[in-house]
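>>> show me the folded form of this:
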Amino acid sequence: MDSRVRIKDQWSEQRLFSQRTIGAFVVIAWLVIILIGRLVFLQVVRHDYYVELSQGNRVRQDPIPASRGLILDRNGKVLADNEPAYTLELIREQVPDLNDTIKRLAALGLVDADEIDDTRRMVMSRRSFDNVPVRLRLTDEEIGRFAVHRFQFQGVDLATRQTRHYPYGELGVHALGYVSAISEQDMEHIDHAAYAGTALIGKLGVESSYEKQLHGANGFHEILVNAQGRSVQRQGAYAPDLHLQPPVAGDNLVTSIDLATQQAAEEGLGAHRGAVVAIDPSNGDVLALASMPGFDPATFARGLSRSEYAALAQDDDKPLFNRALRGTYPSGSTIKPALGLVALTDHVIEADRKVLCNGIFTLPGSAHQFRADKNEPRGLLDLPEAIARSSDVYFYKLATNMGIDRIVAGLAPFGYGQLTGIDISGEKAGLLPSPAWKERVYKQPWFPGETVNMGIGQGYLLVTPLQLAHIAGVLAERGRSFRPRLVKGIRDADGQVQSLAPVEEQAVSGISEADWTTVIDAMIGTTHCAAYCGTGAIAFKGAAYNAGGKTGTAQVYTVAQNAKYNAKSVPDTLRDHAWFIAFAPAEAPKIAVAVLVENAGFGASNAAPIARKVMDTYLLGQETPKPLVTAKAASDAND
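Numbering: from 1, shown residues only. The predicted model follows:
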């Protein structure tokens, strides 16, 4: 057994304890120094910054929406402006139960019952402190109904906002577009801060494409609030210096639209489905862009219910469809002037060479007959007469001699199969078919009979009314081409207009002046009676100006070889479309027009008179239409 006894080393233990005490003291001292330093930094160095933040907890910035810019016609007539209206707005962070609140608003008839979920999603997509409009443009009866129950809806209140007003109702709606409530999709690509307090955003047309210019810049004003977020005059002795940043109104846009011409185009179409586009060929200004039927843009500004929108979307006449930009149709015989120019330039035919037209054409070795209308001119025709009197057989033969490759190469510079580049969205390019296109799409070769059909603008070829108006302008300008535009300038607060320069595109080149004169004289012959009467002569009888034109009738379906087309025996939607293109005055064109009337038959009798009405209005002058008088405006006037 080990009898040794271990003696405790007090000095070592005391030394260890002292070292640990000193270490702890050093750590505590450093922590105290850091704490004091942090306090000095917060209380002295960053004093002003944190005072501003603390004030921000008591001072709230409320947005002041900018006034949306006006849209004017080329003569300064107001096409779209603003007027005050009451909206029902909700601030999510102040609402105890969002779902219950929306349901109770629906029970009062202030929110559509079918849109409860949509409304909730829309509110949730915005910032919690944003004023979110859940109902736009309340009626007096709805305002009173909510006022009675206002105490039941914490975080919901009425607000006075500006809403969009269209003085001429449906007039020009497919050109101007409309505004409607900011949707969930809109929230994905807009600056949330820039649209705080804003209820509406542009949809379609000028309203959409020029949203940035029309929107302006929102302002704000600061208000003092208490812990519950309520506005107060002061909090004890605290009375901050509240700031006001005024909004900057959106730009006023001057469009190229001529109000009287636009009205003439829409009145000309009347109850028919169709489109009219009128362009100044010297600069690309769109004087009229009509697509019928239309719709009232004010219904979107006040907010459409799901059922109301469904009724518009499912309407057989497609009022929401912009036929002028997006409607694609066979061009019919309107292709003949451009095709004639290509043939003359490539020396496929001489202008004065006579070709026998007997109403029927067959390809060598084929029994298939390409027929012409019963009123088609018969006998020997040269190119000018074939254009003016619209001989199908002449152009069946001409297209066959030219071949599809030469046709495609020659028509492309005029703009067939291409976007015009107009300054609003939604345009379609139409289709200029080729053997390579058919092989790619259908995996089939190009057949000779398809070239024959191209000679009269049938088959796969598709154009839009805007595209044909642009092509008519190129013909009028003998090859010069300008990009179509709806906005030509910006007007400032002093009424001064900053004009936007027109954009000139690549011209159609390589065509001799003599060939231009031949085809343009043939188009003038279309609207006159001399040695013969052109197909548009009746519509332009007695006109105070010379016009060049071309009629067109586009087949909607193919008539069997052993059958005859009878408009009375086929459904309305299968009847031929009526086309007419024109420009005037022929010597120095100021307007080029394309008119399409769906399922109306012959262009000479159904489209040419509309073009005449549009041209008379623009060239000879007509009283500008008066704004619509709404029931509210009439009541105010009586007061």
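>>> how deep is residue 200 tucked in, by neighbour count?
As a burial measure, residue 200 scores 26 neighbours (other CB atoms under 10 Å). The C-beta positions use only the backbone N, C-alpha and C, and glycine is treated the same way.
>>> correction: residue 307
Applying other CB under 10 Å, we find 10 residues neighbouring residue 307.
>>> so which strand or helix has it?
Taking DSSP states H and E as the definition, residue 307 sits inside helix 306-313.
>>> immediately after that helix, which helix or strand?
As assigned by DSSP H and E, the chain's next helix or strand after helix 306-313 is helix 323-326.
>>> after that next one, which helix or strand is next?
As assigned by DSSP H and E, the chain's next helix or strand after helix 323-326 is helix 336-345.
>>> I figured residue 357 hits residue 386, correct?
Yes: counting by CB atoms under 8 Å, residue 386 is a contact partner of residue 357 at 7.4 Å.
>>> mutual contacts of the two, please.
Residues touching both residue 357 and residue 386 by CB atoms under 8 Å, 6 or more residues apart in numbering: residue 394.
>>> residue 289 should be in a strand, yeah?
Yes: checked against DSSP: H, G, I helix; E, B strand; the rest coil, residue 289 lies within a strand.
>>> so who does residue 435 touch?
404-405, 445-446.
>>> could you do residue 384 as well?
Counted by CB under 8 Å, 6+ apart, residue 384 has contacts 351, 518-519, 521-522, 525.
>>> ranking by neighbours, what's the top pick from those?
residue 519 (26 neighbours).
>>> can you tell me what sits against the strand or helix carrying residue 264?
Using DSSP H and E, residue 264 falls within helix 259-269. Residues outside helix 259-269 that contact it (CB under 8 Å, 6+ apart): 73, 75, 77, 79, 168, 170-172, 175, 275-276, 278, 287-290, 292, 294, 595, 597, 609-610, 613-614, 616-618, 621-625.
>>> filter those down to the ones in helices?
175, 609-610, 613-614, 616-618 (DSSP state H).
>>> quick one: least confident helix or strand in the chain?
helix 631-638 (a mean of 36; mean pLDDT, DSSP states H and E).
>>> export the helix holding residue 264 as PDB, just CAs?
Only the C-alpha atoms of helix 259-269 are listed here, as PDB (Å, rounded to 0.1, in the frame of the first residue of the first chain):
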ATOM      1  CA  LEU A 259     -62.100  61.700 -86.800                       C
ATOM      2  CA  ALA A 260     -64.500  62.400 -89.700                       C
ATOM      3  CA  THR A 261     -62.800  59.800 -92.000                       C
ATOM      4  CA  GLN A 262     -62.900  57.300 -89.200                       C
ATOM      5  CA  GLN A 263     -66.600  57.800 -88.800                       C
ATOM      6  CA  ALA A 264     -67.200  57.600 -92.500                       C
ATOM      7  CA  ALA A 265     -65.400  54.200 -92.600                       C
ATOM      8  CA  GLU A 266     -67.400  52.800 -89.700                       C
ATOM      9  CA  GLU A 267     -70.700  54.100 -91.100                       C
ATOM     10  CA  GLY A 268     -69.800  52.700 -94.500                       C
ATOM     11  CA  LEU A 269     -69.400  49.200 -93.100                       C
END
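>>> what residue ranges in this protein score low on pLDDT?
Residue ranges of the chain with pLDDT under 70: 1-9, 48-60, 225-240, 557-571, 622-626, 628-639.
>>> mind listing the strands for the stretch 101-250 of the chain?
131-135, 156-165, 178-181, 200-203, 219-224, 244-245 (DSSP state E, counting those that start in this stretch).
>>> how about these, which one is nearest residue 477?
When those are compared by CB to CB, strand 200-203 sits nearest residue 477, at 32.2 Å.
>>> would you mark the buried spots in that closest one?
200-203 (16 or more other CB atoms under 10 Å).
>>> quick one: which of these is nearest to residue 144?
Closest to residue 144, out of all of those and judged by CB to CB, is residue 200, at 24.1 Å.
>>> residue contacts, that closest one?
If a contact means CB under 8 Å, 6+ apart, then residue 200 has 68, 136, 163-164, 179-182, 301 as its contacts.
>>> filter those down to the buried ones, ChimeraX style.
ChimeraX command restricting the contacts of residue 200 to the buried ones, with burial defined by 16+ other CB under 10 Å:
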select :68,136,163,164,179,180,181,182,301
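>>> got the contacts of residue 200 as CSV, with distance to residue 509 columns?
Putting the contacts of residue 200 into CSV (distance: CB to CB, whole Å) gives the following:
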residue, distance to residue 509
68, 44
136, 53
163, 50
164, 45
179, 43
180, 45
181, 49
182, 47
301, 47
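>>> quick one: which of the contacts of residue 200 is nearest residue 469?
For the contacts of residue 200, the minimum distance to residue 469 (CB to CB) is 26.9 Å, reached by residue 179.
>>> and residue 35, which of the strands of the stretch 101-250 of the chain is closest to it?
Short answer: strand 219-224, nearest of those by CB to CB, at 33.9 Å.
>>> that closest one packs against which elements?
strand 59-64, strand 244-245 (3 or more CB pairs under 8 Å, 6 or more residues apart in numbering; DSSP states H and E).
>>> show me how far it is from its chain's centre.
Counting by CA atoms, centre = their mean, to the nearest Å, strand 219-224 is centred 35 Å from the centre of its parent chain.
>>> partner strands of the lengthiest strand in the chain, with direction?
The residue-count maximum for a strand in the chain (DSSP state E) belongs to strand 78-91. Strands adjacent to strand 78-91 in the sheet, as given by DSSP bridges, are strand 71-72 (antiparallel), strand 131-135 (antiparallel), strand 156-165 (antiparallel).
>>> CA-only coordinates of the last one in PDB, if you can.
Taking only C-alpha atoms (Å, rounded to 0.1, in the frame of the first residue of the first chain), the coordinates of strand 156-165 have been written out as PDB:
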ATOM      1  CA  VAL A 156     -62.500  49.200 -47.300                       C
ATOM      2  CA  ASP A 157     -63.500  52.700 -48.400                       C
ATOM      3  CA  LEU A 158     -64.600  54.800 -51.300                       C
ATOM      4  CA  ALA A 159     -62.100  56.800 -53.200                       C
ATOM      5  CA  THR A 160     -62.400  59.400 -55.900                       C
ATOM      6  CA  ARG A 161     -60.300  58.400 -58.900                       C
ATOM      7  CA  GLN A 162     -60.000  59.400 -62.500                       C
ATOM      8  CA  THR A 163     -61.300  56.900 -65.000                       C
ATOM      9  CA  ARG A 164     -61.000  56.700 -68.800                       C
ATOM     10  CA  HIS A 165     -63.700  58.400 -70.900                       C
END
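>>> buried ones in it?
Of the residues in strand 156-165, those buried (16+ other CB under 10 Å) are 156, 158, 161-165.
>>> how about those, which pair is most distant?
156 and 165 (25.6 Å).
>>> quick check: the spatially most central residue of the chain vs residue 467, distance?
Compute the mean C-alpha point of the chain, and by CA atoms, centre = their mean the closest residue is residue 205, 2.4 Å away. Distance, residue 205 to residue 467, by CB to CB, to the nearest Å: 18 Å.
>>> wait, doesn't residue 400 sit right on residue 450?
No: shown here, residue 400 and residue 450 do not form a contact pair, counting by CB under 8 Å, at 11.0 Å.
>>> can you give me phi and psi for residue 243?
According to degrees, to the nearest 10, the main-chain angles of residue 243 amount to phi -100, psi 150.
>>> and it, how many neighbours?
Close neighbours of residue 243, defined as other CB under 10 Å, add up to 10.
>>> quick one: contacts for it?
Contacts of residue 243 (CB under 8 Å, 6+ apart): 221-222.
>>> just residue 120 next, same as before
98-99, 102.
>>> can you select the buried ones among those residues for me in PyMOL?
A single PyMOL command selects the buried members of these (16+ other CB under 10 Å):
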select buried, resi 102
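>>> okay, and which of the contacts of residue 120 map to helices?
98-99, 102.
>>> could you dump the strands of the stretch 101-250 of the chain into CSV and include distance to residue 510?
Converted to CSV, those look like this (distance: least, CB to CB, whole Å):
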stretch, distance to residue 510
strand 131-135, 58
strand 156-165, 48
strand 178-181, 44
strand 200-203, 42
strand 219-224, 57
strand 244-245, 59
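>>> wait, which of those is closest to residue 420?
Between residue 420 and the strands of the stretch 101-250 of the chain, the shortest separation by CB to CB is 21.2 Å, and it involves strand 200-203.
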